[in-house]
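Chemist: Generate coordinates for the sequence data below:
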Amino acid sequence: GVMAYTLSRRIGEIGIRVALGARPGQVLEMMIGQALRLSLCGAALGLVAALGLTRFLKGLLFQVGTADPLTLAAAALVLITAAIAAGYLPARRAMKADPMTALRHE
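Modeler: Numbers count the residues shown, from 1 in each chain. Okay, here's the model as predicted:
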């Protein structure tokens, strides 16, 4: 939802980029790159927080170690994949938009 909102706020910028000659693939790459950077930062902060809170998490886990690298990596991978998908779908929509319509949107 946040990625879709962020992209909807940048429709004018995307329209200007496309009107000045940016290829749709470049726009898609820019949006996916932003989603990937944000999700990697979030995953890194989450992993640090999870490792820091292992003492509190120990009672909530069943048959999993508090610092199980496979579980932490799998959780981070799922969240990063979801963030990329959340950025990809609105970016595809924005790529197909007419530049003049996007510029009138503002």
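Chemist: got a list of what the residue most central in space within the chain touches?
Modeler: For the chain, residue 35 is the residue whose C-alpha lies nearest the centre (CA atoms, centre = their mean; 2.9 Å). Shown in contact with residue 35 (CB atoms under 8 Å, 6 or more residues apart in numbering): 3, 83-84, 86-88. All C-beta atoms are positioned from the backbone trio N, CA, C, and that covers glycine.
Chemist: Not including adjacent chain positions, what is the nearest residue to it?
Modeler: residue 87 (2.8 Å; CB to CB, 6 or more residues apart in numbering).
Chemist: pLDDT on the one helix or strand the one you found maps to, on average?
Modeler: Using DSSP states H and E, residue 87 sits within helix 69-96. Averaged across helix 69-96, pLDDT comes to 84.
Chemist: Packing partners of that helix?
Modeler: Contacting helix 69-96 under the criterion 3 or more CB pairs under 8 Å, 6 or more residues apart in numbering; DSSP states H and E are the following elements: helix 2-9, helix 11-19, helix 24-52.
Chemist: Name the residues of that helix that are buried.
Modeler: Residues of helix 69-96 classed as buried by neighbour count (16 or more other CB atoms under 10 Å): 72, 76, 80, 83-84, 86-87, 90-91, 94-95.
Chemist: can you check stretch 12-27 too?
Modeler: Neighbour-count burial for stretch 12-27 flags 13-15, 17-18, 22, 24, 27 (criterion: 16+ other CB under 10 Å).
Chemist: on that earlier part again, got the angle for the helix holding residue 87 vs helix 24-52?
Modeler: Helix 69-96 runs at 150 degrees relative to helix 24-52, counting by axes from the mean of the first three to the mean of the last three CA atoms, to 10 degrees.
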